[in-house]
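1. Any chance you could fold what I've pasted below:
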Amino acid sequence: MNLKNIRDYARYRLNDYEKPYAYLDAELNLYANEAEKIICRDARLIEDSSTDSICNIDVEANTLDYALDDTIIYVSSARITTSDLILTKTTKMDMDTKYPGWRSATATEPTKYLLDYRHGYITLYPKPDADYTLNLSVIRYPEDDMAQDTDEPEIPPAFHHALIDGICYQAYLKWGDRTYDAKKSEIHLKLFRKAIADMKVNDAMHKATDETMGIHGGFV
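-> Numbers count the residues shown, from 1 in each chain. The predicted structure is shown next:
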């Protein structure tokens with residue numbers, strides 16, 4: 001579905017399909033984008049390691065900290081592209097305990113990374129001794145908000161339907177005689193959360209191995 005399809009479906013669910021509309025297109029667009037972001041955050045649907053502007057970072061010699069793209073929710077793994085070695089994730093507390101003065105250690109090819117030293121940054125250890133490219137595997141938000149009627153959600157098409165309830169629960173919280181209905185908002189929120197829970201189960205099933213599945217296909 002594109003943005004116009006999604007908005008039209010939402011209007012029918014909101015009983016707002018005849019003019020004058022209770023909701024501007026811009027409002028429903030805003031709710032749709034927010035719903036997609038919530039899905040991405042909670043169900044972790046968009047996994048990426050190939051979008052250059054998001055997943056590849058130019059590493060400079062003697063520089064420890066690098067800003068992460070604003071769309072990144074979580075870094076799953078990191079590696080220097082000239083090596084097959086996956087960097088080990090660690091924490092500031094662990095580094096301070098085991099390697100006092102770690103930020104001034106001798107420069108060499110990094111083997112570890114931290115996400116909690118500076119908010120919104122990835123920190124490497126040891127500090128790089130040369131220029132490298134750091135490749136990240138990430139869970140992220142959509143690259144761009146939907147703005148044009150022909151724009152489509154970045155989440156898989158199988159889950160586009162969930163955006164309708166995501167729109168409606170927000171729309172029913174708009175103050176006004178024709179719009180505000182806390183009970184209907186709660187109903188749509190529950191349906192939205194149920195859809196997200198189903199997405200998480202679906203994702204877990206796709207990532208399960210033979211060892212993590214029971215004899216009848218259930219989790220053990």
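2. Tell me where the model's unsure across this protein.
-> For the chain, the stretches flagged by pLDDT under 70 are 208-220.
3. please redo it, this time with the cut-off set to 50
-> Counting by pLDDT under 50, the chain contains low-confidence ranges at 215-216, 219-220.
4. Helices of that one, start to end?
-> 3-13, 25-43, 52-55, 92-98, 162-171, 182-207 (DSSP state H).
5. most neighbours per residue, which of these?
-> Mean neighbour counts were compared across these using mean count of other CB atoms under 10 Å; the top stretch is helix 162-171, at a mean of 25. Quick note: C-beta positions are derived from backbone N, CA and C, even for glycine.
6. what does it contact?
-> The contact list for helix 162-171 (CB atoms under 8 Å, 6 or more residues apart in numbering) reads 6-7, 9-10, 13-14, 23, 27-28, 31-32, 34-36, 38-39, 153, 179, 184-189, 191-192, 195-196, 199.
7. quick one, that helix and helix 182-207 angle?
-> With axes from the mean of the first three to the mean of the last three CA atoms, to 10 degrees as the basis, helix 162-171 and helix 182-207 are set at 150 degrees to each other.
8. With just CA atoms, put helix 162-171 into CSV.
-> Written as CSV, here are the backbone C-alpha positions of helix 162-171 (Å, rounded to 0.1, in the frame of the first residue of the first chain):
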residue,chain,number,x,y,z
ALA,A,162,-0.9,-2.6,11.1
LEU,A,163,-0.4,1.1,10.3
ILE,A,164,-4.2,1.5,10.1
ASP,A,165,-4.7,0.8,13.8
GLY,A,166,-1.5,2.7,14.5
ILE,A,167,-3.1,5.8,12.9
CYS,A,168,-6.5,5.3,14.4
TYR,A,169,-5.3,5.1,18.0
GLN,A,170,-3.5,8.4,17.6
ALA,A,171,-6.3,10.0,15.7
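9. between it and helix 3-13, how big is the angle?
-> Here the directions of helix 162-171 and helix 3-13 differ by 60 degrees (the same axes, to 10 degrees).
10. Quick check on the nearest residue in space to D181 that is not next to it in sequence: phi, psi?
-> The shortest distance from D181 to any non-neighbouring residue, by CB to CB, 6 or more residues apart in numbering, is to Y172 (4.6 Å). Dihedral pair for Y172: phi -70, psi 0, per degrees, to the nearest 10.
11. Kindly report the same for A130.
-> When read as degrees, to the nearest 10, the backbone of A130 gives phi -160, psi 180.
12. A61 is in contact with that one, correct?
-> Yes - here A130 reaches A61: they are 5.3 Å apart, a contact under CB atoms under 8 Å.
13. Could you export the helices of the chain to CSV, including columns for distance to L124?
-> Shown next, in CSV, are the helices of the chain (distance: least, CB to CB, whole Å):
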stretch, distance to L124
helix 3-13, 39
helix 25-43, 26
helix 52-55, 16
helix 92-98, 11
helix 162-171, 37
helix 182-207, 28
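14. how about those, which one is nearest M146?
-> Closest to M146 of those is helix 3-13 (CB to CB; 4.5 Å).
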